[in-house]
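K.L.:
coordinates only, sequence not included:
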């Protein structure tokens with residue numbers, strides 16, 4: 001997570017929680033005038049469009065006052081969906097036993113992308129099995145992670 005994303009998460013979490021939702025995390029995708037700030041929210045009863053609109057209204061007000069982003073961007077408030085983004089060690093711990101896709105910020109074993117079964121999440125390290133081989137990935141080195149939906 002970038003410093004901007006960390007700052008945005010800290011800034012927006014109280015407002016999102018005050019509305020009764022969990023702020024899973026934020027992503028800022030830089031693309032010039034077409035940059036996107038994605039805010040992922042969740043609730044035990046799920047998320048609907050009205051929930052996203054309510055959070056968007058609150059988040060927009062905070063961003064207008066604090067002005068933490070010095071470029072044009074579009075705000076998107078979203079549910080995590082089936083390919084749930086994973087931002088924290090706690091998020092990974094909840095999906096042990098599932099298939100995850102992880103992109104490391106820096107190469108590890110000459111690769112940055114890992115997709116396999118999450119065997120464990122302990123001591124800030126993920127253990128992922130890919131084709132019978134196990135990899136230990138430090139959570140702090142993860143650039144992006146997602147749950148991979150499986151259909152049985």
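P.N.:
Looks like it arrived, so ask away. In this text the structure is predicted, and so the values were computed from the model without any measurement.

K.L.:
three-state assignment of residue 59?
P.N.:
At residue 59 the chain is in helix, as set by DSSP: H, G, I helix; E, B strand; the rest coil.

K.L.:
show me where pLDDT drops low in the chain?
P.N.:
Low-confidence segments of the chain, defined by pLDDT under 70: 1.

K.L.:
could you pull out the helices in it for me?
P.N.:
3-18, 49-66, 89-94 (DSSP state H).

K.L.:
the ones you listed: which one's closest to residue 78?
P.N.:
Of all those, it is helix 49-66 that lies closest to residue 78, at 6.6 Å by C-beta to C-beta. Any C-beta I mention is one placed from the backbone N, CA and C, and that applies to glycine too.

K.L.:
what's the closest one in contact with?
P.N.:
With contact meaning C-beta atoms under 8 Å, 6 or more residues apart in numbering, helix 49-66 is reached by 11-12, 15-16, 18-19, 21, 37, 39, 41, 43, 69, 75, 77-79.

K.L.:
check stretch 96-114 too.
P.N.:
86, 92, 115-121, 126, 128, 130, 135, 137, 141-148, 150.

K.L.:
residues of that stretch that come out buried?
P.N.:
Residues of stretch 96-114 classed as buried: 99, 100, 101, 102, 104, 114 (neighbour count, 16 or more other C-beta atoms under 10 Å).

K.L.:
picking that back up, now go through the contacts of stretch 96-114 and say which are in strands.
P.N.:
Members of those lying in strands (criterion: DSSP state E): 115-121, 126, 128, 130, 135, 137, 142-147.

K.L.:
what's the closest of the buried residues of stretch 96-114 to residue 29?
P.N.:
residue 101 (17.1 Å).

K.L.:
could you find the closest non-adjacent residue to that closest one?
P.N.:
In space, and not counting its chain neighbours, residue 101 is closest to residue 115: 4.4 Å by C-beta to C-beta, 6 or more residues apart in numbering.

K.L.:
now do the contacts for the one you found.
P.N.:
The contact partners of residue 115, taken as C-beta under 8 Å, 6+ apart, are 99, 100, 101, 102, 130, 148.
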